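# Just need the structure, nothing else, for what follows:
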Amino acid sequence: MQTELLDPLVEIVTSAWVGKGHRAYVAAARRLPRGDRRAHHVLHTNVIPISNDTSRIEANVLFQSSESTGTGRALELRYDVRLRPPRDQGVWPVIECLHASPGDDEKDAPGEPPSSTVRAFRDAYPANRARSFLHAWLASVSAYAGTLEPVTALLEPGFALDFGSPGGRIRSVQELDTWLRTTREQTPRGTYRVGRTAVTVLRDDTYTLDADVMWVDAATDGGPRSTTTRHQWTLRETGERFVRMAEARSRIVTAS
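Alright, predicted model coming up:
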C-alpha cells in the first residue's frame, strides 16, 4: 500500500538513507527491525501550490520509536515533500521527492513534561489514517463534476450517511449523486477548512473520527459566508490507500 503513495521514480533523502524508486524504498523498509514500533505525529503542515497540478508540503513531524530492546527515542523532523499527478490514470497525487532532516534536539513525547526522561510511545497510525481520509473526502466532494467513482471509492458497501441537511440522509449511490449535484449547484465556489479533530480506536480495523469543518462560500452576494459542521464518522480499514466510511452523522454548529 505504501508504494501507492510514491511516484515510481521517487527520490527519498534522509540523514540515514538515500534512495530512488519503489524497489529501493521497499528494500530499505524490509531492513528495518521487525520488533520495533514507529510513529509519526504531524505537528504542522504548510501546503504551497507550485502549479495547477503540482504542490509542495512543508511539515514538522515528531518521530517516535519503541525498540524491541526496550529503548526508545523521540526526534522532531522537518519534511519537504513535492507532489505530482500520477503517471497512470489514478486520481490522487503521488510523492515525487521527499527530504527529511532533523529538526530540534530530541523531544519528549506529546503530553510529557519537558524535563521528563520517560518518552511514552503513542501510536499515530489510526489518527493519520483517519485524517488523511478526511482530506480525501473533502477533496473528492469539492471536485465532484458528475463522476461518482472517486467518492464511492471512499465508502463501504451498505454505507449510511446523514449530513443533517435536506436530502442529506443517504443510503444509495443514486441518493449520493443527487446530494452531490444539489450541493454543487447551491455552493459552486468555496473552500473547506478543517478545525478540531479527534480519533478513537474502536477495534484494530475500525475508528471513529470527530471533526469540525468550516465551509466558506465565496459565491455569496455581500461577501463570503461560512458554515461550520460537526461530523462523527465510522471508518474501516480495507487495506486500500484510504480507509472507507461506513457511517456518518453531521450537524450544523454555526452559520454566518
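
# what does the host helix or strand of residue 78 contact?
Remark: residue 78 resides in strand 72-84, with elements defined by DSSP states H and E. Applying Cβ atoms under 8 Å, 6 or more residues apart in numbering, the contact partners of strand 72-84 are 7, 43, 50, 53-66, 93-104, 106-109, 119, 121. Every C-beta, even on glycine, is put in place using the N, C-alpha and C of the backbone.

# Can you flag the buried ones in these?
By neighbour count, with 16 or more other Cβ atoms under 10 Å, those hold 7, 59-66, 93-98, 100, 103, 107-109, 119, 121 as buried.

# What count of nearby residues applies to residue 133?
20 (other Cβ atoms under 10 Å).

# What confidence value was assigned to it?
You'll see residue 133 listed with a pLDDT of 97.

# now do residue 111
44.

# Same check on residue 245?
Confidence per residue is given as pLDDT, and for residue 245 that number is 97.

# Three-state assignment for it, please.
When the structure is reduced to helix, strand and coil (DSSP: H, G, I helix; E, B strand; the rest coil), residue 245 reads as strand.

# residues in contact with it?
Residues counted as contacts of residue 245 (Cβ under 8 Å, 6+ apart) are 133, 137, 154, 155, 156, 159, 161, 233, 234, 235.

# Closest one of the residues you listed to residue 208?
The shortest separation between residue 208 and any of these is 5.6 Å, and it belongs to residue 234 (by Cβ to Cβ).

# So the closest one sits against residue 208, correct?
Yes - the pair formed by residue 234 and residue 208 meets the contact definition of Cβ atoms under 8 Å, at 5.6 Å.

# Now find how far off-centre the helix ranked longest in the chain is within its chain.
The helix spanning the most residues in the chain, taking DSSP state H as the definition, is helix 125-142. Going by Cα atoms, centre = their mean, to the nearest Å, the spacing between the C-alpha centre of helix 125-142 and its chain's C-alpha centre is 4 Å.

# list the helices and strands it packs on?
strand 37-49, helix 149-152, strand 190-203, strand 206-217, strand 225-236 (3 or more Cβ pairs under 8 Å, 6 or more residues apart in numbering; DSSP states H and E).

# Restricting to C-alpha, output it in PDB.
Output in PDB follows, covering the C-alpha atoms of helix 125-142 (Å, rounded to 0.1, in the frame of the first residue of the first chain):
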ATOM      1  CA  TYR A 125      -1.300   5.300  12.700                       C
ATOM      2  CA  PRO A 126      -5.100   5.400  13.400                       C
ATOM      3  CA  ALA A 127      -5.100   9.200  13.600                       C
ATOM      4  CA  ASN A 128      -3.000   9.600  10.400                       C
ATOM      5  CA  ARG A 129      -5.300   7.200   8.500                       C
ATOM      6  CA  ALA A 130      -8.500   8.900   9.700                       C
ATOM      7  CA  ARG A 131      -7.200  12.400   9.000                       C
ATOM      8  CA  SER A 132      -5.900  11.500   5.600                       C
ATOM      9  CA  PHE A 133      -9.400  10.100   4.800                       C
ATOM     10  CA  LEU A 134     -11.000  13.400   5.900                       C
ATOM     11  CA  HIS A 135      -8.900  15.400   3.500                       C
ATOM     12  CA  ALA A 136      -9.500  12.900   0.700                       C
ATOM     13  CA  TRP A 137     -13.300  13.000   1.300                       C
ATOM     14  CA  LEU A 138     -13.400  16.800   1.300                       C
ATOM     15  CA  ALA A 139     -11.300  17.000  -1.900                       C
ATOM     16  CA  SER A 140     -13.500  14.500  -3.700                       C
ATOM     17  CA  VAL A 141     -16.700  16.200  -2.700                       C
ATOM     18  CA  SER A 142     -15.200  19.600  -3.700                       C
END
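
# Much appreciated, bye for now.
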